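> Quick one: sequence and predicted model below, then my questions.
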Amino acid sequence: MTTLAADDDLVHRPGPFVSSVMQIEPQWIDYNGHLNMAYYNVMFDRAIDELWLRLGIGPGYMKARNGSTFTAECHVRYLREIHFGDPAQVSILLLAADEKRLHTFEELRHATEGWLSATSENMTIHIDMETRKTAPFPPDIRARIDAVADAHRAVARPAGIGRKVAMPSK
């Protein structure tokens, strides 16, 4: 993965963050002939890593400032099968943020045909790696996060945000 610095292009982009195109790896295919459920999370995580690099909270941030992020909660919806050979791309909306948390919504789509395969809604927490406890983002990082969250507020909210796991009502 390339190391990208925090940049102003991300802050001023009018739409969601869009990851690089990823390929489905052959070992990720299960006995049903489609992407195994665990690897959707791998793809979502790779896309989040790209966004974190752009926000300035990637591996370099952990090394230099002893801070990182942990996923506290995740809700994945599997909507359409994706298969080996299909190019995939993830878009990410930063729905909300506070001093210690990031609420994101991600959509995994077929990169050339555009159809939606899966979504993932996540709550991520900022961690002081010395104490391994939640901690506020540093002011410079918080300002970048707030700017991106503000820009993403203008984006129409996709279906599926705030869903919960439950049996359908009759």
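Nice, thanks for sending it over. Residues are numbered from 1 along each chain as shown.
> Could you measure from Asn66 over to Glu73?
24 Å (C-beta to C-beta, to the nearest Å). Any C-beta I mention is one placed from the backbone N, CA and C, and that applies to glycine too.
> My error: substitute Asp98 in the last question.
Applying C-beta to C-beta, the value for Asp98 to Glu73 is 15 Å.
> With neighbour numbers in mind, choose between the two.
Remark: of Asp98 and Glu73, Asp98 carries more neighbours, 14 against 11, as counted by other C-beta atoms under 10 Å.
> Before we move on, what's the pLDDT of the more buried one?
With respect to pLDDT, Asp98 has a value of 97.
> what sits against it?
Asp98 sits next to no residue when contact means C-beta atoms under 8 Å, 6 or more residues apart in numbering.
> likewise Arg65?
Counted by C-beta under 8 Å, 6+ apart, Arg65 has contacts Pro138.
> Return the backbone torsion pair for it.
Main-chain torsions, Arg65, degrees, to the nearest 10: phi -120, psi 0.
> tell me the SS of the spatially most central residue of the chain?
Central residue of the chain (C-alpha atoms, centre = their mean): Ile48, 3.7 Å from the mean position. Three-state call for Ile48 (DSSP: H, G, I helix; E, B strand; the rest coil): helix.
> and it, what is it in contact with?
If you count contacts by C-beta under 8 Å, 6+ apart, Ile48 has them with Ile92, Thr104, Glu106, Asn122, Thr124.
> The first one falls within a strand, correct?
Yes: per three-state DSSP, Ile92 lies within a strand segment.
> That one pairs with what?
For Ile92, the beta-bridge partners under DSSP bridges are Phe17, Glu106.
> Pull the contacting residues for it.
So Ile92 contacts Pro16, Phe17, Val18, Ser19, Ala47, Ile48, Leu51, Thr104, Phe105, Glu106 (C-beta under 8 Å, 6+ apart).
> Just put those in TSV and tack on pLDDT and distance to Ala135.
Listed next are the contacts of Ile92 as TSV, based on pLDDT from 0 to 100; distance: C-beta to C-beta, whole Å:
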residue	pLDDT	distance to Ala135
Pro16	94	27
Phe17	95	24
Val18	96	29
Ser19	97	27
Ala47	98	24
Ile48	98	19
Leu51	96	20
Thr104	98	19
Phe105	98	24
Glu106	98	24
